[in-house]
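**Student:** for reference, the sequence and a predicted model appear below.
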Amino acid sequence: LAFGLHARRVAHPAVDLRLFRHRSFAVGTLAGGLCRVGLNGAPFLLPLMLQVGFGMSPVASGSLTFVSSIGAVFVRVTAGRLLRWFGFRSVLSWSAVLGALVVAGFALLEPSTPHWAVAAYIFAFGLMRSTQFMTSNTLSYADLPAAELSRATSIGGVLQQLSVSFGVSVAATVLTWLSRHGEALTPARFHETFLLTAIIPLLALPGFLLLKAEDGAEVSRHRTGTARAGA
């Protein structure tokens with residue numbers, strides 16, 4: 001708050017809060033950042049649950065959790081089409097809802113769940129997570145004038161890193177709170193943590209619903225033109 005008051009009185013503040021007057025930047029960084037907090041807790045919780053709760057070896061756990069990164073490759077191919085067909089508002093809203101459902105769905109995994117089913121589910125999580133992250137990143141800078149991009153990328157980069165830290169911190173805090181009486185970290189404790197952290201991405205929905213049809217439209221048109229030129 002003190003910095004906000006100071007930044008309004010100087011010509012070139014280190015962090016230019018006036019950038020948040022751009023709706024697309026504000027929604028992409030703030031609402032998108034809140035959604036990131038909820039989705040970034042799962043990559044911290046999942047290896048713990050597989051190793052501590054399910055008794056897997058670190059090699060087996062790492063081999064399964066690695067599958068989520070494969071989803072990012074598919075998203076890079078499909079993200080442009082999704083934005084052209086549905087727009088930023090729909091893609092961000094639905095990826096937040098589906099991402100929350102997938103995070104909650106980790107509570108259904110049990111030590112007896114086949115490894116192939118766990119891997120398939122983690123792949124689905126990677127798809128939802130990457131779709132949300134890539135779309136919010138694109139929206140953040142879609143409508144900014146070129147002169148403001150350098151300042152915007154500085155703020156955006158900081159907020160992205162904070163969302164990772166907050167995501168891990170929130171997940172760890174919830175897990176600790178649920179086992180505050182010194183109870184062992186059983187699968188049930190992890191299941192409860194996943195269910196509670198799955199609420200966080202849904203809190204970003206009001207921000208995504210503020211978007212208008214014109215927000216990020218230039219990016220969608222550019223992608224369409226690029227696709228036609230490639231064809």
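**Tutor:** In hand now; what should we look at?

**Student:** centroid residue for this protein?
**Tutor:** residue 36 (3.2 Å; C-alpha atoms, centre = their mean).

**Student:** now the nearest residue to it once chain neighbours are set aside: phi and psi?
**Tutor:** Of all residues not flanking residue 36 in the chain, residue 163 sits nearest, at 3.7 Å (C-beta to C-beta, 6 or more residues apart in numbering). From N, CA and C alone the C-beta is placed, and that goes for glycine too. Phi and psi for residue 163, reported as degrees, to the nearest 10, are phi -60, psi -30.

**Student:** what's around residue 163, how many residues?
**Tutor:** 22 (other C-beta atoms under 10 Å).

**Student:** cool, residue 49 as well?
**Tutor:** Count around residue 49 with other C-beta under 10 Å applied: 25.

**Student:** pretty sure it is touching residue 187, no?
**Tutor:** Yes: contact criterion C-beta atoms under 8 Å: residue 49 and residue 187 qualify, at 6.6 Å.

**Student:** pLDDT (mean, whole number) over the helix or strand where residue 173 lies?
**Tutor:** Element membership of residue 173, judged by DSSP states H and E, is helix 149-178. Here helix 149-178 scores 89 as its mean pLDDT.

**Student:** what's downstream of that helix, the next helix or strand?
**Tutor:** helix 187-197.

**Student:** run the angle between the longest helix seen in the chain and helix 187-197 for me.
**Tutor:** In the chain, with assignment by DSSP state H, the single longest helix is helix 67-105. Put simply, helix 67-105 runs at 90 degrees to helix 187-197, going by axes from the mean of the first three to the mean of the last three C-alpha atoms, to 10 degrees.
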